[in-house]
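[1] Provided below for reference: sequence and predicted model.
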Amino acid sequence: MNAAIWNREETLAPEAMRTLQLERLKATLARAYENVPFYARRMQAAGLVPESVERLEDLARLPFVTKTDLRDQYPKGLFAVPDREVVRIHASSGTTGKPVVAGYTRNDLENWTECVARIVRMAGVSDGDVAQVAFGYGLFTGGFGLHYGLERVGCTVIPASSGNSERQVLLMQDLGTTVLVSTPSYALHLAEILEDSGVNRDTLRLRVGLFGGEGHTEAMKHEIESRLGILDTQNYGLTEIVGPGVSGECLEACGLHINEDHFYPEIIDPDTGEVLPDGQEGELVLTTLTKEALPMLRYRTRDITRLYREPCRCGRTTVRMATVRGRTDDMLIIRGVNVFPSQIESVLVGIEGIGPHYLIIVTSEHYMDKLEVQVELVDGSLLERYSELERLTAHIRHQLRTVLQIDAKVTLLNPKTLERTTGKSKRVLDLRNR
Ligand code: DLL
């Protein structure tokens, strides 16, 4: 087996994987039905018992679980084990209302560590590496989640946590960090700090980034790679399912391998709920196959992607998901046109003279939606050169129009005026009355 492959389950033949998945699914269904009244009620209402699922395809008969269900069951209504078996709690921050609370048994933590270890190895990271974790250590799953997986493969882990960018740079310099673990937007922010403080990139040992927690476009990936001089790899996950460790990119950079012996993926049409065939884009729905404390049956992630099973050159046989294109609740409908922030990002990052940070503002005037895109200039003195400024603005508007099919107001700002975040970035301000 290729040394970079951490567990043998990553290379199972498709039939063997399906057998394992079905066996684990049946056990999960039985546990959930027996221990979680919510699941028992839901299944009964659909005329189902755990034994109704005889094949993996039968899973499609089960109702979905949504974030609203989790909120209604707050804090621990979906837990399937007694409190004394829960050894860790995490929670998602949640921009509205109550957070989602996730619990883990000892076995859950062990499986989580193994899943993250796989992702770390996929990115070519191993015991010779020094990994600086710039995710928050706390209720957020990013810090602790990556931490234990990195330790498992033998890395030296620096639990820097998020924030204090100057200290992050100092740690990188003095401790010889080779792996940066953060959100992609924070990686760009650190690149800026490095440039501003005149640190010569070549004096650093940074070589690879393990980025996740939010999306980034191909264009942004190139920007990070060229400014930090590293290889950008991404990984995906969510609190409701486990945290990071659901899927990650290998060095072939052709999609994210899903740890499908632990998390069973489906793609559905977000409007009808119908399961879509491989290759078609839709909403990712995940079912946990090994989770004890918080089993999740058909959780609607709201993340838009597609699945593909063509063999990967890395030797892993696990199904892959494409980079998440956006979230169903991220999609803006502006004057009837569907707009994903990621489309705007791809346009902006390719344009010379402007920085990679941006803010999308949507307002409504006289019942008409207005889209404004604020972006920073690389060279602030351009603000005094009117004709050049006009030309650049017109160019950006034109490019946006070509991609989005709608007009946007473009506002060019002085360098470094938009807010920088150390965690997930907030790039959309929808001020319409909804
Ligand atoms: O962000 C877990 C995580 C931490 C993953 C660190 C990777 C690294 P939540 O805070 O619950 O959990 O947010 C989950 O973030 O549904 C996606 O919308 C988004 N997300 C996470 N990773 C990616 C990614 C963590 N690689 C939500 N690409 C998910 C796009 C991502 N979106």
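    Sure thing, it's come through. The structure displayed is predicted, hence computed values, not measured ones.
[2] excluding chain neighbours, what is closest to residue 128?
    residue 178 (7.8 Å; CB to CB, 6 or more residues apart in numbering). In this view, the C-beta of every residue, glycine as well, is placed from N, C-alpha and C.
[3] give me phi/psi at the one you found?
    phi -110, psi -20 (degrees, to the nearest 10).
[4] can you tell me how far it is from the ligand?
    The spacing between residue 178 and the ligand, counted by CB to the nearest ligand atom, to the nearest Å, is 18 Å.
[5] tell me who's in contact with that residue.
    128, 129, 130, 131, 205, 206, 207, 208 (CB atoms under 8 Å, 6 or more residues apart in numbering).
[6] need phi/psi at the fifth one.
    If I follow you right, that is residue 205. Residue torsions, per degrees, to the nearest 10, at residue 205 are phi -100, psi 10.
[7] my guess is it contacts residue 174. True?
    No - using CB atoms under 8 Å, residue 205 is not in contact with residue 174; the gap is 11.0 Å.
[8] more neighbours, those two?
    Per other CB atoms under 10 Å, whichever of residue 205 and residue 174 has more neighbours is residue 205, with 14 against 8.
[9] low-confidence stretches in the stretch 301-434 of the chain?
    Within the stretch 301-434 of the chain, the set of residues satisfying pLDDT under 70 comprises 434.
[10] who in it is up against the ligand?
    301, 303, 324, 327 (CB under 6 Å from any ligand atom).
[11] among those, who's most crowded?
    residue 301 (23 neighbours).
[12] quick check: it is in a helix.
    No - read with DSSP: H, G, I helix; E, B strand; the rest coil, residue 301 is strand and lies in no helix.
[13] what about the closest residue to it other than its chain neighbours, how many neighbours?
    Nearest non-adjacent residue to residue 301, counting by CB to CB, 6+ apart: residue 284, 4.6 Å away. Residue 284 has 25 neighbouring residues, counting by other CB under 10 Å.
[14] anything in whichever strand or helix holds residue 284 near the ligand?
    Assigned by DSSP states H and E, residue 284 falls within strand 282-288. No - counting by CB under 6 Å from any ligand atom, the ligand is not contacted by strand 282-288; separation bottoms out at 8.4 Å.
[15] so what touches that strand?
    25, 28, 59, 64, 241-242, 246, 262-270, 276, 294-306, 321, 324, 328.
[16] what does the average pLDDT come to for it?
    Mean per-residue pLDDT for strand 282-288: 98.
[17] how about the CA coordinates for stretch 210-218, as PDB?
    Taking C-alpha atoms only, stretch 210-218 is exported to PDB below (Å, rounded to 0.1, in the frame of the first residue of the first chain):
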ATOM      1  CA  LEU A 210      -4.500  22.500   5.100                       C
ATOM      2  CA  PHE A 211      -7.300  24.800   4.500                       C
ATOM      3  CA  GLY A 212     -11.000  24.400   5.300                       C
ATOM      4  CA  GLY A 213     -14.000  25.700   7.200                       C
ATOM      5  CA  GLU A 214     -15.100  27.800   4.200                       C
ATOM      6  CA  GLY A 215     -14.900  27.600   0.500                       C
ATOM      7  CA  HIS A 216     -12.300  29.100  -1.800                       C
ATOM      8  CA  THR A 217     -12.300  29.200  -5.500                       C
ATOM      9  CA  GLU A 218      -9.600  27.900  -7.800                       C
END
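[18] list the buried residues of that stretch.
    For stretch 210-218, burial by neighbour count (16 or more other CB atoms under 10 Å) applies to 210, 211, 212, 213, 214, 215, 216, 217.
[19] that one and the ligand in contact?
    Yes - interface with the ligand: stretch 210-218 contributes 212, 213, 214, 215 (CB under 6 Å from any ligand atom).
[20] which SS class is residue 318?
    coil.
[21] and for residue 154, the neighbour number?
    A total of 14 residues lie near residue 154 under the criterion other CB under 10 Å.
[22] can you give me the pLDDT of it?
    Note for residue 154: predicted pLDDT of 98.
[23] next, it: phi, psi?
    The phi and psi torsions at residue 154 (degrees, to the nearest 10) take the values phi 100, psi 10.
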